[in-house]
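1. coords please:
(2 chains)
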Amino acid sequence: MNIIEIKNLTKIYDKETIPVYALNNVSISFQSGEFTTIVGPSGSGKTTLLNMLGGLDKPTEGEIIIDHINITKLRSRQLIDFRLRNIGFVFQSFNLIPVLTAKENVEFIMQLQGTPKGLRENRTNELLRSVGLGDRVDARPNKLSGGQQQRVAVARALASKPKFILADEPTANLDSKSAENLLEIMEQLNKEENITFIFSTHDARVVAKARRIVTLEDGKIVSDIAK
Amino acid sequence: MNYFKLAWRNIWRNKRRTLLTAASIFMAVFLALLVRSIQTGWFDNLVNVVIQSYTGHIQIHKNGYWDDKDINNSMYCNDSLLRVLQSVDNIRNVVPRLEYFALSSFKQQTKGVLLIGTDPVKEDNLTHLSRKIIQGKYLQNTQHGILVAQKLASYLEIKTGDTLVLIGQGFHGVSAVGKFPVQGILHFPSPQLDNQMIYMNLPTAQEFFGADNRITTVSLMLNNPDHINQTVTLIRSVINNDRYEVMRWDEMLVEVMQQLKAKTAGGNIIIAILYMIVGFGIFGTVIMMTNERIKEFGVVVSVGMQKTRLAIIVLVEMIFIGLTGIISGIAVSLPIMLYYKVNPIHLTGNMAKTFINYGIEPLMPLAFKPAFILGNVIIVLIIVSLTCVYPVRKIFKLNVVEALRK
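-> Numbering: from 1, shown residues only, chains lettered A, B, ... in the order given. Prediction:
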């Protein structure tokens, strides 16, 4: 079942002066439970595509339909609320809130959703255990390694029970062992809990794990291979 | 994790900056409260001295007397008027007086004087006149003697036991001439009063001026001066307003009030400059804090926090810093204000001379009113709110993608 449908998506920067096509008439769909990676050289449009998918940026043309909702038509407030309830984000540089502990960072999303305290606590502990950080719940980000921070970020992304998780170069700032470890956790979550992951990456290890590889060049899809 | 906790933790991310900002607010609140307290203390002290030594809180005259202080504008001393006034709520003392000018003479010396005929007991209740006696005895209703101010006595070279001649024009132009034994010498802090005042009992003054049963003034002292306007309204409702004028102390002491207002305005300018400096300091902090956290703002908005909530958190953070400065400023200045309210500062040197020239004891009591604190809290919160316009605007105009790239 398609959970995401992208139709004729175009993003043009500097439209008034010298137009740059970050995405050029891209159409693609993603199904529930996919473990997909978007690859391509720098400037190919990977991050732009992810930003559009996450509702962080508006396309110049085209439509993004997620679970029957055309998110390009949503207003700013609606879009923020849509992201909160439907999309999980894992950023390249972790981007945890520095004044919150690992547990509080994960709980933060559920608090935004209005989840009752008891449920929040149970789910937070469960998520942190599932990413192997059951013993570091009270540590602040500056007391965690890069790999641990990124695992907290994954737990945070999962906290809202999203329809899919967007991960922009999640292993770029990690050493090989931490990257390997993180990928295993995400792969396991994908297989066991059917969570949809969409990555953008340059990392060959991520590509190796992916079951679908979409290649972008100059804002166009040049290949879409399912393993 | 509630948003207050998040805001509280955020402000301590950069302890030094937060403490410096809070310290600048502390200094502003501390200095503003002290300036206000000293100013009001001085103001109240001056007013109280004038009220308690002469005018009272309210005076009643025959209509037109205040503009033309002539004995022919005196009024009949109506017992029922005094009784009615005494029955008005909030009035503590009712003192009838007959005041007019005369010429005093002793041996080769003569000098114009202000002669006040009054009820000695009531006058003492109102102005504590007996405490100003430095030589001799206080007035009594049955005695014919007079009290002479110290500088006047010194000029006339007269002392207790001597007889002073008073000459003047009485009611309806009659000649007023009399000889009066000096029964006491008074000292007034005000040189103006000390140079011209003579007191005698009311019947003696009425007889001297040929103004039987007439008075020029009824001075009233209130239990609660803060309710003066209500009391004036009550008085006007029970007396004949065509016949009598009712005046508050501030209407009678117009020049004093103007001087005090001018001094208060000067203090207000100092406080305004102080708060402007602090305002720019806070604004600098806010700009730094905002620009350092643009990426973080982008992250929280991208994961689903509404911009309104984020703006509220930033506002709460600044209010926390503001309150830290306000509370510490109040905590330090409050004991100082309360201590010097009860134990006034004794002034010396030129400052003391200036006070004496104004007719005030050289004491500087500090004042304390809850309105001082409330006013400063409101000012700081307004400054903080104004400085928050910058981050709030930044948040609402936030481009999440650009913020995440930072």
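
2. next one: the host helix or strand of residue B:164 to chain centre, how far?
-> Using DSSP states H and E, residue B:164 sits in strand B:163-169. How far strand B:163-169 lies from its chain's middle: 38 Å, per Cα atoms, centre = their mean, to the nearest Å.

3. what comes up buried for that strand?
-> For strand B:163-169, the neighbour count (16 or more other Cβ atoms under 10 Å in any protein chain shown) marks B:164, B:166, B:168-169 as buried. All C-beta spots, glycine's among them, are computed from the backbone N, C-alpha and C.

4. Show me the shaky parts of the chain.
-> I'll assume chain A. The model of chain A has pLDDT under 70 over residues A:15.

5. Not quite, go with chain B.
-> Scanning chain B for pLDDT under 70 picks out B:1, B:357-359.

6. Give the other helices and strands that the strand holding residue B:164 contacts.
-> Packing contacts for strand B:163-169, counted by 3 or more Cβ pairs under 8 Å, 6 or more residues apart in numbering or on different chains; DSSP states H and E, involve strand B:91-106, strand B:109-118, strand B:175-186.

7. Would you quantify the distance from residue A:72 to chain B?
-> Between residue A:72 and chain B the distance, using Cβ to the nearest Cβ, to the nearest Å, works out to 15 Å.

8. so that residue makes contact with residue A:58?
-> Yes - proximity of residue A:72 to residue A:58 meets the contact threshold set by Cβ atoms under 8 Å, at 6.5 Å.

9. Chain A contacts on the stretch 151-300 of chain B?
-> For the stretch 151-300 of chain B, the residues in contact with chain A (Cβ under 8 Å from any Cβ of the partner chain) are B:295-296, B:299-300.

10. hang on, residue B:65 packs against residue B:215?
-> No - Residue B:65 lies out of contact with residue B:215 (Cβ under 8 Å); the separation is 10.2 Å.

11. For residue B:120, see how far away the closest residue to residue B:253 other than its chain neighbours is.
-> In space, and not counting its chain neighbours, residue B:253 is closest to residue B:50: 6.0 Å by Cβ to Cβ, 6 or more residues apart in numbering or on different chains. Per Cβ to Cβ, to the nearest Å, residue B:50 is found 21 Å from residue B:120.

12. just to revisit the earlier point, what do residue B:65 and residue B:215 both touch?
-> Here residue B:65 and residue B:215 have B:74-75 as joint contacts, going by Cβ atoms under 8 Å, 6 or more residues apart in numbering or on different chains.

13. ok, these two, which is more surrounded?
-> Using other Cβ atoms under 10 Å in any protein chain shown, the more surrounded residue of residue B:65 and residue B:215 is residue B:215, with 27 against 22.

14. Name the single longest helix found in the chain.
-> The chain I'm using is chain A. In chain A, with assignment by DSSP state H, the single longest helix is helix A:176-193.

15. actually chain B
-> Criterion DSSP H: the longest helix present in chain B is helix B:254-292.

16. ok now that helix, how far from the chain's centre?
-> Centre-to-centre, helix B:254-292 and its host chain are 22 Å apart (Cα atoms, centre = their mean).

17. list the buried ones in it?
-> Neighbour counts over helix B:254-292 (16+ other Cβ under 10 Å) mark B:256, B:260, B:267, B:271, B:274-275, B:278-279, B:281-283, B:285-286, B:289-290 as buried.

18. for those residues, which one is nearest residue B:349?
-> Set against residue B:349, the nearest of the buried residues of helix B:254-292 by Cβ to Cβ is residue B:267 (21.7 Å).

19. if you skip the residues just before and after it, what's nearest to the closest one?
-> Sequence neighbours aside, residue B:39 is the residue nearest to residue B:267 in space, at 4.6 Å (criterion: Cβ to Cβ, 6+ apart).

20. how about the residues of chain A near chain B?
-> Residues of chain A found near chain B (Cβ under 8 Å from any Cβ) are A:51, A:54, A:56-57, A:76-77, A:80-81, A:83-85, A:89, A:91, A:95, A:97-100, A:104, A:107-109, A:111-113, A:156, A:160.

21. Show the buried residues in these.
-> The neighbour count (16+ other Cβ under 10 Å) marks A:51, A:54, A:56-57, A:80-81, A:83-84, A:89, A:91, A:95, A:97, A:99-100, A:104, A:107-109, A:111-112, A:156, A:160 as buried among the residues of chain A next to chain B.

22. In strands only, show me these.
-> residue A:89 (DSSP state E).

23. sorry, back to before: could you dump the helices and strands packed on strand B:163-169 to a markdown table with mean neighbour count and distance to residue B:130?
-> Output for the helices and strands packed on strand B:163-169, formatted as a markdown table (neighbours: other Cβ atoms under 10 Å in any protein chain shown; distance: least, Cβ to Cβ, whole Å):
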| stretch | mean neighbour count | distance to residue B:130 |
| --- | --- | --- |
| strand B:91-106 | 20 | 14 |
| strand B:109-118 | 19 | 12 |
| strand B:175-186 | 18 | 9 |
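
24. With respect to residue B:375, which of those lies nearest?
-> For residue B:375, the closest of the helices and strands packed on strand B:163-169 is strand B:91-106, at 30.1 Å, according to Cβ to Cβ.
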